[in-house]
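S.K.: Prediction below, plus the sequence it came from.
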Amino acid sequence: MADVQVSCIKKQPRNDPYEGITHLGGTGGGGWKWTRQEVISSIEAKTNTFYTLVNGNRGDIGVVNGQNGKYLRTYADGKWNDNLLSLPECP
């Protein structure tokens, strides 16, 4: 199992707070980009863990069951938050 840092996201449309993240990515291993569903499946299968690192603070990424299906959120300091939305756009 790998512990993978997420450092960017793709979101359509980018500035709409109500539309979901389509892809997550990072620079580890020469750069990578997975669909949201691939990350959800990997977390649920326990094949990888994912996290963000913002201003030195780690936020573990987990799967949440929402009204419109499963989505990803970060969990840090004992609470769920939206750190993923603050990440820059993936190339």
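M.R.: Done, it's in.
S.K.: tell me what whichever strand or helix holds Thr49 is packed against?
M.R.: Taking DSSP states H and E as the criterion, Thr49 maps to strand 48-54. The contact analysis (3 or more C-beta pairs under 8 Å, 6 or more residues apart in numbering; DSSP states H and E) places strand 48-54 against strand 2-5, helix 36-44, strand 57-66, strand 69-76. Placement of C-beta: from N, CA and C, glycine included.
S.K.: mind checking how far the nearest residue to Gly26 once chain neighbours are set aside is from Pro91?
M.R.: Spatial nearest neighbour of Gly26, excluding adjacent residues (C-beta to C-beta, 6 or more residues apart in numbering): Ser7 at 4.6 Å. To Pro91, Ser7 is 11 Å away according to C-beta to C-beta, to the nearest Å.
S.K.: and those two? which has more neighbours close in?
M.R.: Higher neighbour count among Ser7 and Pro91: Ser7, with 18 against 8, using other C-beta atoms under 10 Å.
S.K.: And that one, what's its pLDDT?
M.R.: Predicted confidence (pLDDT) for Ser7: 95.
S.K.: go on, Ile43?
M.R.: Reported pLDDT for Ile43: 97.
S.K.: what's near enough to touch it?
M.R.: 49-50, 61-63, 72 (C-beta atoms under 8 Å, 6 or more residues apart in numbering).
S.K.: Could you give me the ChimeraX syntax to select whichever of the residues you listed are buried?
M.R.: Buried residues among these (16 or more other C-beta atoms under 10 Å), as a ChimeraX selection:
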select :50,61,72
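S.K.: which of the contacts of Ile43 lies closest to Gly20?
M.R.: Nearest to Gly20 out of these is Leu72 (C-beta to C-beta; 8.7 Å).
S.K.: Roughly how far does that closest one sit from Met1?
M.R.: For Leu72 relative to Met1 (C-beta to C-beta), the value is 18 Å.
S.K.: Then Ala45?
M.R.: 10 Å.
S.K.: and Leu84, which of the three is it?
M.R.: Here Leu84 is helix, with the state taken from DSSP: H, G, I helix; E, B strand; the rest coil.
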